[in-house]
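Novice: Structure here, sequence nowhere to be found:
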(Lines give C-alpha, C1' and ligand atoms only; values in the text may rest on other atoms or scores of the structure.)
Protein backbone atom coordinates (compact mmCIF):
# COMPACT_ATOMS: atom_id res chain seq x y z
CA UNK A 1 0.00 0.00 0.00
CA UNK A 2 2.85 2.38 0.88
CA UNK A 3 4.62 1.54 -2.41
CA UNK A 4 1.38 2.08 -4.34
CA UNK A 5 0.81 5.50 -2.75
CA UNK A 6 4.40 6.46 -3.53
CA UNK A 7 3.90 5.32 -7.13
CA UNK A 8 0.75 7.44 -7.47
CA UNK A 9 2.42 10.47 -5.94
CA UNK A 10 5.47 10.09 -8.21
CA UNK A 11 3.21 10.05 -11.27
CA UNK A 12 0.87 12.82 -10.20
CA UNK A 13 3.19 15.21 -8.38
CA UNK A 14 6.07 17.05 -9.96
CA UNK A 15 8.51 19.52 -8.38
CA UNK A 16 7.47 21.82 -5.55
CA UNK A 17 4.53 19.75 -4.40
CA UNK A 18 2.69 20.48 -7.66
CA UNK A 19 0.80 18.11 -9.95
CA UNK A 20 0.98 17.79 -13.71
CA UNK A 21 -1.24 19.88 -15.99
CA UNK A 22 -4.00 17.34 -16.74
CA UNK A 23 -4.35 16.21 -13.14
CA UNK A 24 -4.33 19.82 -11.96
CA UNK A 25 -7.26 20.58 -14.26
CA UNK A 26 -9.16 17.53 -12.99
CA UNK A 27 -8.27 18.38 -9.40
CA UNK A 28 -9.71 21.91 -9.71
CA UNK A 29 -13.01 20.75 -11.19
CA UNK A 30 -13.49 17.63 -9.03
CA UNK A 31 -12.63 19.55 -5.85
CA UNK A 32 -15.33 22.08 -6.70
CA UNK A 33 -17.95 19.42 -7.44
CA UNK A 34 -17.12 17.28 -4.41
CA UNK A 35 -17.03 20.27 -2.06
CA UNK A 36 -20.42 21.39 -3.34
CA UNK A 37 -21.76 17.86 -2.85
CA UNK A 38 -20.43 17.81 0.71
CA UNK A 39 -22.18 21.08 1.50
CA UNK A 40 -25.48 20.20 -0.19
CA UNK A 41 -25.71 16.67 1.23
CA UNK A 42 -24.04 17.02 4.61
CA UNK A 43 -24.32 20.72 5.36
CA UNK A 44 -22.05 22.62 7.71
CA UNK A 45 -19.08 21.06 9.48
CA UNK A 46 -19.44 20.61 13.25
CA UNK A 47 -19.06 23.92 15.08
CA UNK A 48 -15.94 22.96 17.00
CA UNK A 49 -13.93 22.36 13.83
CA UNK A 50 -15.68 24.72 11.42
CA UNK A 51 -13.17 27.21 9.97
CA UNK A 52 -15.63 30.10 10.37
CA UNK A 53 -15.93 29.34 14.09
CA UNK A 54 -12.14 29.18 14.32
CA UNK A 55 -11.98 32.47 12.41
CA UNK A 56 -14.34 33.96 14.97
CA UNK A 57 -12.05 32.98 17.83
CA UNK A 58 -9.00 34.38 16.05
CA UNK A 59 -10.83 37.62 15.26
CA UNK A 60 -12.04 38.04 18.84
CA UNK A 61 -8.52 37.46 20.18
CA UNK A 62 -6.93 40.17 18.04
CA UNK A 63 -9.94 42.46 18.27
CA UNK A 64 -9.55 42.65 22.05
CA UNK A 65 -5.92 43.67 21.54
CA UNK A 66 -6.26 46.21 18.72
CA UNK A 67 -9.56 47.84 19.70
CA UNK A 68 -7.59 49.80 22.28
CA UNK A 69 -6.06 51.74 19.35
CA UNK A 70 -8.61 54.49 18.76
CA UNK A 71 -8.10 54.98 15.03
CA UNK A 72 -8.44 53.07 11.76
CA UNK A 73 -5.00 51.52 12.12
CA UNK A 74 -6.67 49.08 14.53
CA UNK A 75 -8.72 47.61 11.69
CA UNK A 76 -5.72 47.28 9.41
CA UNK A 77 -3.75 45.48 12.12
CA UNK A 78 -6.75 43.23 12.75
CA UNK A 79 -6.92 42.28 9.08
CA UNK A 80 -3.18 41.63 8.80
CA UNK A 81 -2.89 39.57 11.99
CA UNK A 82 -5.94 37.39 11.30
CA UNK A 83 -4.77 36.86 7.71
CA UNK A 84 -1.33 35.72 8.87
CA UNK A 85 -2.60 33.32 11.53
CA UNK A 86 -5.33 31.88 9.29
CA UNK A 87 -2.89 31.39 6.41
CA UNK A 88 -0.50 29.47 8.64
CA UNK A 89 -3.29 27.21 9.93
CA UNK A 90 -4.47 26.46 6.39
CA UNK A 91 -0.90 25.73 5.31
CA UNK A 92 -0.51 23.21 8.13
CA UNK A 93 -3.57 21.31 6.85
CA UNK A 94 -2.20 21.50 3.32
CA UNK A 95 1.23 20.30 4.46
CA UNK A 96 -0.35 17.28 6.14
CA UNK A 97 -2.31 16.51 2.98
CA UNK A 98 0.82 16.53 0.81
CA UNK A 99 1.70 13.11 2.24
CA UNK A 100 -0.71 11.57 -0.23
CA UNK A 101 -2.80 12.94 -3.11
CA UNK A 102 -6.00 11.29 -1.90
CA UNK A 103 -5.55 12.70 1.60
CA UNK A 104 -4.81 16.11 0.09
CA UNK A 105 -7.96 15.94 -2.03
CA UNK A 106 -10.09 15.04 1.01
CA UNK A 107 -8.66 17.86 3.15
CA UNK A 108 -8.86 20.30 0.24
CA UNK A 109 -12.51 19.56 -0.58
CA UNK A 110 -13.65 19.64 3.04
CA UNK A 111 -11.98 22.99 3.65
CA UNK A 112 -13.24 24.37 0.33
CA UNK A 113 -16.79 23.34 1.24
CA UNK A 114 -16.51 25.43 4.39
CA UNK A 115 -15.82 28.56 2.33
CA UNK A 116 -19.43 28.59 1.12
CA UNK A 117 -22.81 27.65 2.56
CA UNK A 118 -25.44 26.62 0.03
CA UNK A 119 -27.31 24.15 2.23
CA UNK A 120 -27.78 26.54 5.13
CA UNK A 121 -28.62 29.44 2.82
CA UNK A 122 -31.52 27.59 1.23
CA UNK A 123 -32.66 25.63 4.28
CA UNK A 124 -33.07 28.67 6.53
CA UNK A 125 -35.53 30.18 4.07
CA UNK A 126 -37.44 26.90 3.85
CA UNK A 127 -37.53 26.69 7.66
CA UNK A 128 -39.08 30.15 7.95
CA UNK A 129 -41.70 29.22 5.36
CA UNK A 130 -42.54 26.05 7.30
CA UNK A 131 -42.72 27.99 10.59
CA UNK A 132 -44.94 30.58 8.96
CA UNK A 133 -47.36 27.81 8.00
CA UNK A 134 -47.53 26.86 11.69
CA UNK A 135 -47.72 30.22 13.44
CA UNK A 136 -46.79 33.86 13.04
CA UNK A 137 -44.92 33.99 16.35
CA UNK A 138 -42.77 30.99 15.45
CA UNK A 139 -41.91 32.57 12.11
CA UNK A 140 -41.02 35.86 13.81
CA UNK A 141 -38.60 34.00 16.03
CA UNK A 142 -37.05 32.14 13.09
CA UNK A 143 -36.57 35.21 10.95
CA UNK A 144 -34.99 37.08 13.87
CA UNK A 145 -31.91 34.88 13.41
CA UNK A 146 -31.59 35.99 9.79
CA UNK A 147 -32.00 39.76 9.96
CA UNK A 148 -30.88 42.56 12.25
CA UNK A 149 -34.26 44.33 12.41
CA UNK A 150 -36.80 43.95 15.24
CA UNK A 151 -39.12 41.10 14.25
CA UNK A 152 -41.48 41.09 17.27
CA UNK A 153 -44.32 42.82 15.45
CA UNK A 154 -43.66 41.91 11.83
CA UNK A 155 -46.71 40.98 9.79
CA UNK A 156 -46.71 37.95 7.48
CA UNK A 157 -45.83 40.07 4.44
CA UNK A 158 -42.86 41.65 6.19
CA UNK A 159 -41.65 38.23 7.39
CA UNK A 160 -41.81 36.92 3.82
CA UNK A 161 -39.97 40.01 2.60
CA UNK A 162 -37.25 39.72 5.26
CA UNK A 163 -36.76 36.02 4.45
CA UNK A 164 -36.40 36.65 0.71
CA UNK A 165 -34.07 39.58 1.36
CA UNK A 166 -31.81 37.49 3.60
CA UNK A 167 -31.81 34.55 1.19
CA UNK A 168 -31.04 36.52 -1.95
CA UNK A 169 -28.62 39.00 -0.38
CA UNK A 170 -26.45 36.09 0.73
CA UNK A 171 -26.28 34.37 -2.66
CA UNK A 172 -23.16 36.42 -3.31
CA UNK A 173 -21.13 35.84 -0.16
CA UNK A 174 -22.49 32.37 0.58
CA UNK A 175 -21.46 30.94 -2.79
CA UNK A 176 -20.83 33.11 -5.84
CA UNK A 177 -17.97 35.21 -4.43
CA UNK A 178 -15.78 32.44 -2.93
CA UNK A 179 -16.22 30.29 -6.05
CA UNK A 180 -15.57 33.28 -8.30
CA UNK A 181 -12.19 33.79 -6.64
CA UNK A 182 -11.52 30.04 -6.68
CA UNK A 183 -12.14 30.13 -10.44
CA UNK A 184 -9.99 33.20 -11.05
CA UNK A 185 -7.02 31.71 -9.21
CA UNK A 186 -7.70 28.33 -10.82
CA UNK A 187 -7.21 29.99 -14.22
CA UNK A 188 -4.03 31.68 -13.00
CA UNK A 189 -2.42 28.44 -11.85
CA UNK A 190 -3.49 26.61 -15.02
CA UNK A 191 -1.48 29.22 -16.90
CA UNK A 192 1.38 29.60 -14.42
CA UNK A 193 1.49 26.12 -12.94
CA UNK A 194 5.20 26.28 -12.26
CA UNK A 195 4.44 28.15 -9.01
CA UNK A 196 5.37 25.95 -6.05
CA UNK A 197 2.56 24.65 -3.85
CA UNK A 198 -0.10 26.31 -5.97
CA UNK A 199 -2.81 24.04 -4.56
CA UNK A 200 -2.22 25.79 -1.25
CA UNK A 201 -2.78 29.18 -2.86
CA UNK A 202 -5.82 27.86 -4.72
CA UNK A 203 -7.36 26.82 -1.40
CA UNK A 204 -6.18 29.91 0.47
CA UNK A 205 -7.97 32.39 -1.81
CA UNK A 206 -11.59 31.32 -1.09
CA UNK A 207 -10.71 30.62 2.54
CA UNK A 208 -9.37 34.16 2.98
CA UNK A 209 -12.50 35.50 1.31
CA UNK A 210 -14.51 33.73 4.01
CA UNK A 211 -12.22 35.23 6.66
CA UNK A 212 -12.76 38.77 5.38
CA UNK A 213 -16.50 38.16 5.12
CA UNK A 214 -16.49 36.96 8.73
CA UNK A 215 -14.46 40.00 9.79
CA UNK A 216 -17.04 42.28 8.22
CA UNK A 217 -19.89 40.38 9.88
CA UNK A 218 -18.24 40.70 13.29
CA UNK A 219 -16.79 44.21 13.33
CA UNK A 220 -17.94 46.03 10.18
CA UNK A 221 -20.46 48.31 11.85
CA UNK A 222 -20.76 52.09 12.33
CA UNK A 223 -21.15 51.93 16.10
CA UNK A 224 -19.04 54.00 18.48
CA UNK A 225 -17.14 50.90 19.53
CA UNK A 226 -16.52 49.43 16.07
CA UNK A 227 -16.42 52.33 13.61
CA UNK A 228 -12.59 52.50 13.66
CA UNK A 229 -11.64 48.84 13.90
CA UNK A 230 -14.40 47.87 11.46
CA UNK A 231 -13.52 50.37 8.74
CA UNK A 232 -10.93 48.32 6.83
CA UNK A 233 -12.76 44.97 7.17
CA UNK A 234 -15.95 46.57 5.81
CA UNK A 235 -14.13 48.18 2.89
CA UNK A 236 -12.31 44.97 2.00
CA UNK A 237 -15.60 43.06 2.01
CA UNK A 238 -17.19 45.71 -0.23
CA UNK A 239 -14.30 45.52 -2.69
CA UNK A 240 -14.26 41.72 -2.80
CA UNK A 241 -18.02 41.52 -3.38
CA UNK A 242 -18.20 44.28 -5.99
CA UNK A 243 -17.83 42.11 -9.10
CA UNK A 244 -19.38 38.85 -7.74
CA UNK A 245 -22.55 40.65 -6.57
CA UNK A 246 -23.18 42.04 -10.04
CA UNK A 247 -22.48 38.69 -11.66
CA UNK A 248 -24.88 37.04 -9.20
CA UNK A 249 -27.55 39.61 -10.03
CA UNK A 250 -27.27 38.82 -13.73
CA UNK A 251 -27.55 35.10 -13.02
CA UNK A 252 -30.74 35.76 -11.05
CA UNK A 253 -32.12 37.52 -14.14
CA UNK A 254 -31.13 34.58 -16.36
CA UNK A 255 -32.67 32.13 -13.90
CA UNK A 256 -35.89 34.17 -13.88
CA UNK A 257 -36.20 33.77 -17.66
CA UNK A 258 -35.58 30.01 -17.46
CA UNK A 259 -38.18 29.58 -14.67
CA UNK A 260 -40.76 31.60 -16.63
CA UNK A 261 -40.73 34.35 -14.05
CA UNK A 262 -40.54 38.01 -15.04
CA UNK A 263 -37.01 38.10 -16.41
CA UNK A 264 -37.41 41.42 -18.17
CA UNK A 265 -38.67 43.08 -15.01
CA UNK A 266 -35.93 41.37 -13.01
CA UNK A 267 -33.25 43.16 -15.04
CA UNK A 268 -35.15 46.46 -15.01
CA UNK A 269 -35.60 46.49 -11.23
CA UNK A 270 -32.01 45.43 -10.65
CA UNK A 271 -30.74 48.35 -12.72
CA UNK A 272 -33.20 50.76 -11.11
CA UNK A 273 -33.18 49.76 -7.43
CA UNK A 274 -29.95 47.91 -6.67
CA UNK A 275 -28.30 51.09 -5.40
CA UNK A 276 -31.16 51.82 -2.98
CA UNK A 277 -29.43 49.71 -0.33
CA UNK A 278 -26.80 51.14 2.03
CA UNK A 279 -24.40 48.41 0.90
CA UNK A 280 -22.92 48.93 -2.58
CA UNK A 281 -23.37 45.24 -3.37
CA UNK A 282 -26.29 43.61 -1.55
CA UNK A 283 -29.01 45.19 -3.67
CA UNK A 284 -28.21 43.43 -6.94
CA UNK A 285 -29.51 39.98 -6.07
CA UNK A 286 -32.33 41.32 -3.89
CA UNK A 287 -33.60 43.79 -6.49
CA UNK A 288 -33.38 41.29 -9.36
CA UNK A 289 -35.36 38.81 -7.26
CA UNK A 290 -38.00 41.40 -6.42
CA UNK A 291 -38.39 42.15 -10.11
CA UNK A 292 -38.53 38.48 -11.06
CA UNK A 293 -41.31 37.82 -8.54
CA UNK A 294 -43.16 41.10 -9.26
CA UNK A 295 -43.09 42.00 -5.57
CA UNK A 296 -41.82 44.78 -3.35
CA UNK A 297 -39.15 44.02 -0.75
CA UNK A 298 -39.14 46.52 2.09
CA UNK A 299 -36.87 47.17 5.03
CA UNK A 300 -38.48 50.02 6.92
CA UNK A 301 -36.54 53.28 6.89
CA UNK A 302 -33.73 51.64 4.89
CA UNK A 303 -34.75 50.61 1.37
CA UNK A 304 -37.57 49.66 -0.99
CA UNK A 305 -36.87 47.30 -3.87
CA UNK A 306 -39.28 46.53 -6.69
CA UNK A 307 -42.89 47.36 -7.49
CA UNK A 308 -45.93 45.84 -5.85
CA UNK A 309 -47.37 44.34 -9.03
CA UNK A 310 -48.87 41.66 -6.82
CA UNK A 311 -49.25 41.17 -3.09
CA UNK A 312 -46.33 39.35 -1.51
CA UNK A 313 -47.22 36.00 0.07
CA UNK A 314 -45.68 32.88 1.54
CA UNK A 315 -45.45 31.17 -1.86
CA UNK A 316 -42.92 33.77 -2.90
CA UNK A 317 -40.42 32.23 -0.49
CA UNK A 318 -40.58 28.95 -2.39
CA UNK A 319 -40.17 30.80 -5.69
CA UNK A 320 -37.17 32.69 -4.32
CA UNK A 321 -35.60 29.41 -3.15
CA UNK A 322 -36.03 27.89 -6.63
CA UNK A 323 -34.60 31.04 -8.18
CA UNK A 324 -31.60 30.94 -5.85
CA UNK A 325 -31.00 27.22 -6.50
CA UNK A 326 -30.99 27.74 -10.26
CA UNK A 327 -28.72 30.77 -9.93
CA UNK A 328 -26.17 28.64 -8.05
CA UNK A 329 -26.47 25.76 -10.53
CA UNK A 330 -26.05 27.99 -13.58
CA UNK A 331 -23.10 29.80 -12.06
CA UNK A 332 -21.40 26.49 -11.21
CA UNK A 333 -22.09 25.15 -14.70
CA UNK A 334 -20.56 28.29 -16.23
CA UNK A 335 -17.45 28.00 -14.05
CA UNK A 336 -16.91 24.40 -15.15
CA UNK A 337 -17.45 25.26 -18.83
CA UNK A 338 -14.97 28.13 -18.63
CA UNK A 339 -12.40 25.90 -16.95
CA UNK A 340 -12.83 23.31 -19.70
CA UNK A 341 -12.51 26.04 -22.33
CA UNK A 342 -9.33 27.35 -20.73
CA UNK A 343 -7.88 23.83 -20.64
CA UNK A 344 -8.62 23.38 -24.35
CA UNK A 345 -7.03 26.76 -25.17
CA UNK A 346 -3.99 26.06 -23.05
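Specialist: Nice, I can see it. In this text the structure is predicted, and so the values were computed from the model without any measurement. Numbering: from 1, shown residues only.

Novice: make it CA atoms for all contacts and neighbour counts henceforth
Specialist: Will do.

Novice: and the residue nearest the centre of the chain, what does it touch?
Specialist: Nearest to the geometric centre of the chain sits residue 174, at 2.3 Å (CA atoms, centre = their mean). Neighbour list for residue 174: 115-118, 121 [criterion: CA atoms under 8 Å, 6 or more residues apart in numbering].

Novice: what do you get for residue 170?
Specialist: Going by CA under 8 Å, 6+ apart, the list of residues near residue 170 reads 121, 282.

Novice: try the one 3 residues further on
Specialist: For residue 173, the contact set (CA under 8 Å, 6+ apart) comprises 116, 213, 241.

Novice: what about the residue nearest to the second one when sequence neighbours are not counted, neighbour count?
Specialist: Using CA to CA, 6 or more residues apart in numbering and skipping the chain neighbours, the partner closest in space to residue 213 is residue 237 (5.9 Å). Counted with other CA atoms under 10 Å, residues neighbouring residue 237 total 22.

Novice: what does residue 261 give?
Specialist: Here the number of neighbours of residue 261 (other CA under 10 Å) works out to 20.

Novice: Is it correct that it is in contact with residue 295?
Specialist: No. The pair residue 261 and residue 295 does not pass the contact test of CA atoms under 8 Å, sitting 11.7 Å apart.

Novice: Give me the distance between the residue nearest to the centre of the chain and residue 271.
Specialist: According to CA to CA, to the nearest Å, residue 174 and residue 271 sit 22 Å apart.

Novice: now do residue 161
Specialist: Residue 161 is 20 Å from residue 271, by CA to CA.

Novice: where does the stretch 101-250 of the chain have low pLDDT?
Specialist: Scanning the stretch 101-250 of the chain for pLDDT under 70 picks out the ranges 195.

Novice: mind listing the strands for it?
Specialist: With strands called from DSSP state E, counting those that start in this stretch, the stretch 101-250 of the chain shows none.

Novice: the helices in it, which residues?
Specialist: 101-113, 118-134, 136-144, 156-171, 177-191, 198-219, 231-258 (DSSP state H, counting those that start in this stretch).

Novice: how far off helix 156-171 does the third one point, in degrees?
Specialist: Pointing back at helix 136-144 there. On the basis of axes from the mean of the first three to the mean of the last three CA atoms, to 10 degrees, helix 136-144 is oriented at 20 degrees to helix 156-171.

Novice: List of residues touching helix 136-144?
Specialist: Helix 136-144 is contacted by residues 127-129, 131-132, 150-156, 159, 162-163 when judged by CA under 8 Å, 6+ apart.

Novice: Check residue 273 and give its pLDDT.
Specialist: The per-residue pLDDT reported for residue 273 equals 97.

Novice: Which of the helices or strands spans it?
Specialist: Taking DSSP states H and E as the criterion, residue 273 maps to helix 263-273.

Novice: If you count contacts, what does that helix end up packed against?
Specialist: Secondary-structure packing of helix 263-273 (3 or more CA pairs under 8 Å, 6 or more residues apart in numbering; DSSP states H and E): helix 231-258, helix 283-293, strand 303-305.

Novice: and the shortest one, what's its mean pLDDT?
Specialist: Okay, so that is strand 303-305. Averaged over strand 303-305, pLDDT sits at 94.

Novice: Show me what counts as buried in the very next helix or strand once past that strand.
Specialist: Tracing the chain past strand 303-305, the next element assigned as helix or strand by DSSP H and E is helix 315-345. By neighbour count on 16 or more other CA atoms under 10 Å, the buried set for helix 315-345 is 316-328, 330-332, 335-336, 339, 343.

Novice: same check, this time on stretch 54-72
Specialist: Those would be 55-56, 58-60, 62-63, 66-67, 72, for stretch 54-72 by 16+ other CA under 10 Å.

Novice: contacting residues for the closest residue to residue 249 other than its chain neighbours?
Specialist: The shortest distance from residue 249 to any non-neighbouring residue, by CA to CA, 6+ apart, is to residue 285 (4.4 Å). By CA under 8 Å, 6+ apart, the contact set of residue 285 is 168-169, 171-172, 245-246, 248-249, 252, 270, 274.

Novice: The buried residues of stretch 54-72 into CSV, with extra columns for pLDDT?
Specialist: As requested, the buried residues of stretch 54-72 are exported to CSV (pLDDT from 0 to 100):
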residue, pLDDT
55, 96
56, 95
58, 97
59, 97
60, 97
62, 97
63, 96
66, 96
67, 95
72, 94
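
Novice: Which ones among these lie within strands?
Specialist: Among the buried residues of stretch 54-72, DSSP state E puts none in strands.

Novice: tell me which of the residues you listed is nearest to residue 224?
Specialist: Closest to residue 224 out of the buried residues of stretch 54-72 is residue 67 (11.4 Å), distances taken as CA to CA.

Novice: For that closest one, give its distance to residue 222.
Specialist: 14 Å.

Novice: And residue 260, by the same measure?
Specialist: From residue 260 to residue 222 the distance is 41 Å (CA to CA).

Novice: now swap in residue 35 and tell me
Specialist: 35 Å.

Novice: Compare the two (neighbour count), which wins?
Specialist: Set residue 35 next to residue 222 and count neighbours by other CA under 10 Å: residue 35 wins out with 22 against 13.
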